[in-house]
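[1] Just need the structure, nothing else, for what follows:
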Amino acid sequence: MLKHVLAVIDRLDDPAASGRSLAQFLDAAAGPAGSGAEVVTVRGGKGSTDFLRVRVPGRRGRTAGGDAPTLGIVGRLGGVGARPEVLGFTSDGDGAAAALAAAAKLLEMRYRGDVLDGDVVIATHVCPDAPTQPHDPVPFMDSPVDIAVMNEHEVTSDMDAVLSIDTTKGNTIINHRGLALSPTVKQGYILRVSDALASLLAVVTGEPAVTYPITTQDITPYGNGVYHLNSILQPATATDAPVVGLAVTAASAVPGCATGASHETDIAAAARFAVETAKAFGAGALAFHDQDEYEALVARYGSLAHLQTLGRDR
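    Numbers count the residues shown, from 1 in each chain. Model (predicted):
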C-alpha cells in the first residue's frame, strides 16, 4: 500500500494537481481496461475543485447484477494545498490521499484477478489552492465549495455504508497519533462503535483500536452555527446509510493547513483499513451497525432524521 500512497502524494503535492492527473494514475493501476474514473470540476465562491469518483465492480455487486452490498469510501477534506498562503501538501489532504491509494490498490487487485464480492465507490476532490479559515484551537482548511456540494458529488444513493476518511488533528480531544474510529451514525442517531470495525482496525494497525467521542453537533450539517469537530461525519447528513469516520490523528493539535505534517505510514494504514473493510463488507462478513437495534430505537424514540437538516431558524 505504501507505494500507492507515495505515488498519490507525489501527484497531490503539486501546484498543478488535478482530478485528471489522479484519474490517469488510477487508469494505470487498473490496467488496459482503465479505471472509469469520473472527474467533475466545480466552481464556488472561493475558487474551484475537481471531484473524482471511481467505482470498482465486484463479482456479485450491483454492477454485475448481483446482491452484494456496496461500500462507499469518501476522502473528506477542504483542499490538498493552500496556495499561495502556504506551499506544499497540507495535513488536510491525508483523507484524499488515503482514499485514492485505496482506490489504486482495489483497481490493481481487480486487474490481477482478486475481485471483491461487492462494488466499492471511492470519491474525493482535488484542490491545490484552497482557502483557510480561523478555528479553535488551530486554523482549519476551508474549501472552494460548501459541504452540500461535496456530499452531492461524493455520496451516492447506492452506498449501503460509508467510510469517511479525514484528517482529524486540529483538536485536543484525540491525543493519539495514528488512526481512530468513530461510533456509527445513521439518520441522526449516534450508535455504538461497530465491534467488527474496531476488531478490524486492531488487526490492521497491530495495536488496540482507538475510538473518539462525537456529539450531536458533529452530525448536523455545516452552516447551522454550531461547533463541529470537523467535517468527517458530514456525509451522514446526506444518506440513510450508516456512516463511520476513520480519523487520521496526531497526539498534538496540528493545523489542517500545516505542511510537512503528514505521515505516509499512517495514511497507508488508513488505506489498508479501507481495503480490508471493503473485502469484508462486500462479502457480508462485517456490519457497520446492528439493524435490529437501530429499528428498536426508532420504534421507541422516533426518527432523528431532522438532525440531518439545518433545522429551524431561531
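
[2] Pull the contacting residues for residue 272.
    Residue 272 sits next to 1, 102, 204 when contact means Cβ atoms under 8 Å, 6 or more residues apart in numbering. All C-beta spots, glycine's among them, are computed from the backbone N, C-alpha and C.

[3] Give me the subset of the residues you listed lying in strands.
    Among these, no member falls in strands (DSSP state E).

[4] Save these as TSV, and put in neighbour count too.
    Compiled in TSV, these are given as follows (neighbours: other Cβ atoms under 10 Å):
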residue	neighbour count
1	21
102	32
204	19
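
[5] Give me the buried positions along stretch 168-185.
    Across stretch 168-185, burial judged by 16 or more other Cβ atoms under 10 Å covers 168-171, 174, 177-185.

[6] ugh, wrong one, stretch 58-69
    Buried-residue list, stretch 58-69, by 16+ other Cβ under 10 Å: 58, 60, 61, 62, 66, 68, 69.

[7] Let me know the secondary structure of residue 50.
    strand (DSSP: H, G, I helix; E, B strand; the rest coil).

[8] Who are the contact partners of it?
    By Cβ under 8 Å, 6+ apart, residue 50 lies in contact with 18, 19, 20, 39, 40, 41, 42, 125, 126, 127.

[9] Show me just the buried residues among these.
    Judged by 16+ other Cβ under 10 Å, buried ones among the contacts of residue 50: 18, 19, 39, 42, 125, 126, 127.

[10] and these as a markdown table, adding secondary structure?
    Shown next, in a markdown table, are the buried ones among the contacts of residue 50 (three-state DSSP):
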| residue | secondary structure |
| --- | --- |
| 18 | coil |
| 19 | helix |
| 39 | strand |
| 42 | strand |
| 125 | strand |
| 126 | strand |
| 127 | coil |
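
[11] could those residues go into CSV alongside pLDDT and distance to residue 96?
    Below are those laid out as CSV (pLDDT from 0 to 100; distance: Cβ to Cβ, whole Å):
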residue, pLDDT, distance to residue 96
18, 98, 12
19, 98, 10
39, 98, 14
42, 97, 15
125, 98, 7
126, 98, 7
127, 97, 9
